[in-house]
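Trainee: below is the structure, and that's it, no one-letter string:
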């Protein structure tokens, strides 16, 4: 099988995971180039993974004739600029979520991608490619639970990583765009509908400094979809038990639950403390297989010419929801999406 030659821009924590997957875990891909503003980091990862082409300028990577596709794993504010550089150079693009840090930039991305219909673009909402979510989606499509009444989403980061979370928080964009946007994508995907009305709330329950950033450490919201399905989401930054992403889909003839206990095995520990199941302590471990599967899908879409999903419109819609939730959170008002 011909391998897709991919260059990666950004090899921080998540970028490193993608780089390792492209180099070693996705049969249809070959990692041929690495770029990072931290050139020493780029060289370190390149040496580890056996990549000879190393850059600190993404334009140089995108100009490399050996690169057929580019994986963009940079900060959110730079995504649209990176997409333009890559696509103008004739490269297929995989870009991590969120699409952009403003709705206006999302629209710019739509125009860039529309100008290159011959190229594949895919956005990295990896939860769609997690095995459990794919099984649930198939059951829904089969009519196993009837029509969707409610989608309930929990996303909680562990208290064990709070130092890094707090360091990143001022430039993260906030809970809604940085964290809950995954749930917004799931809600749209699982209901097959767009948001009609929403109301978001929350506060600074444990870490009061979030107020300085017009944010909350724990936030939640209610939504009414255009097809009348309901949705509820909750996002927290300091779960005592670990990294916890849970989803429930309530239908007219049944209910599906995904990861109500966020554990990586079926092992139960029985001790003087009782019986427990140990939880994931970081998001990369939880979504390891999904990150691989989404790159496999990207490579297959390039090879076959199929349209990749999630796409740019999914990025725009989720970003719209995130910013309207932020506005609702700050004003304590129920809002429509537009």
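Mentor: Sure thing, it's come through. Fair warning: this is a prediction, and the values are worked out from it, not measured in the lab.

Trainee: give me the phi and psi for the closest residue in space to residue 60 that isn't next to it in sequence.
Mentor: Distances taken as CB to CB, 6 or more residues apart in numbering put residue 35 closest to residue 60, at 7.2 Å, once the chain neighbours are dropped. Bear in mind the C-beta positions are built from the backbone N, C-alpha and C, glycine included. The phi/psi pair for residue 35 (degrees, to the nearest 10) reads phi -130, psi 140.

Trainee: any idea what residue 35 is bridged to?
Mentor: Judged by DSSP bridges, the bridge partners of residue 35 are residue 9, residue 55.

Trainee: is it true that it touches residue 19?
Mentor: No. Using CB atoms under 8 Å, residue 35 is not in contact with residue 19, being 10.9 Å away.

Trainee: show me whatever sits in contact with both of the two.
Mentor: residue 8 (CB atoms under 8 Å, 6 or more residues apart in numbering).

Trainee: burial of the residue nearest to residue 60, as a residue count?
Mentor: Neighbour count for residue 35, taken as other CB atoms under 10 Å: 28.

Trainee: centre of the chain to stretch 306-326, how far?
Mentor: Distance, stretch centre to chain centre, for stretch 306-326: 11 Å (CA atoms, centre = their mean, to the nearest Å).

Trainee: with stretch 97-107 instead?
Mentor: With CA atoms, centre = their mean, you get 13 Å for stretch 97-107.

Trainee: stretch 222-238 too?
Mentor: Distance of stretch 222-238 from its chain centroid, counting by CA atoms, centre = their mean, is 17 Å.

Trainee: now do the strands in the stretch 1-150 of the chain.
Mentor: In the stretch 1-150 of the chain, the segments counted as strands under DSSP state E, counting those that start in this stretch are 4-9, 29-35, 53-55, 69-72, 92-96, 121-124, 148-158.

Trainee: need these in a markdown table with distance to residue 109 and mean pLDDT, can you?
Mentor: Shown next, in a markdown table, are the strands of the stretch 1-150 of the chain (distance: least, CB to CB, whole Å; pLDDT from 0 to 100):
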| stretch | distance to residue 109 | mean pLDDT |
| --- | --- | --- |
| strand 4-9 | 15 | 98 |
| strand 29-35 | 20 | 98 |
| strand 53-55 | 23 | 98 |
| strand 69-72 | 11 | 98 |
| strand 92-96 | 8 | 98 |
| strand 121-124 | 9 | 98 |
| strand 148-158 | 24 | 97 |
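
Trainee: turn those strands into JSON lines, including distance to residue 44.
Mentor: Shown next, in JSON lines, are the strands of the stretch 1-150 of the chain (distance: least, CB to CB, whole Å):
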{"stretch": "strand 4-9", "distance to residue 44": "14"}
{"stretch": "strand 29-35", "distance to residue 44": "10"}
{"stretch": "strand 53-55", "distance to residue 44": "10"}
{"stretch": "strand 69-72", "distance to residue 44": "18"}
{"stretch": "strand 92-96", "distance to residue 44": "21"}
{"stretch": "strand 121-124", "distance to residue 44": "23"}
{"stretch": "strand 148-158", "distance to residue 44": "27"}
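
Trainee: which parts of stretch 105-121 are buried?
Mentor: Using 16 or more other CB atoms under 10 Å as the test for burial, stretch 105-121 gives 105-106, 108-110, 112-113, 116, 119-121.

Trainee: that concludes my questions; thank you for your assistance.
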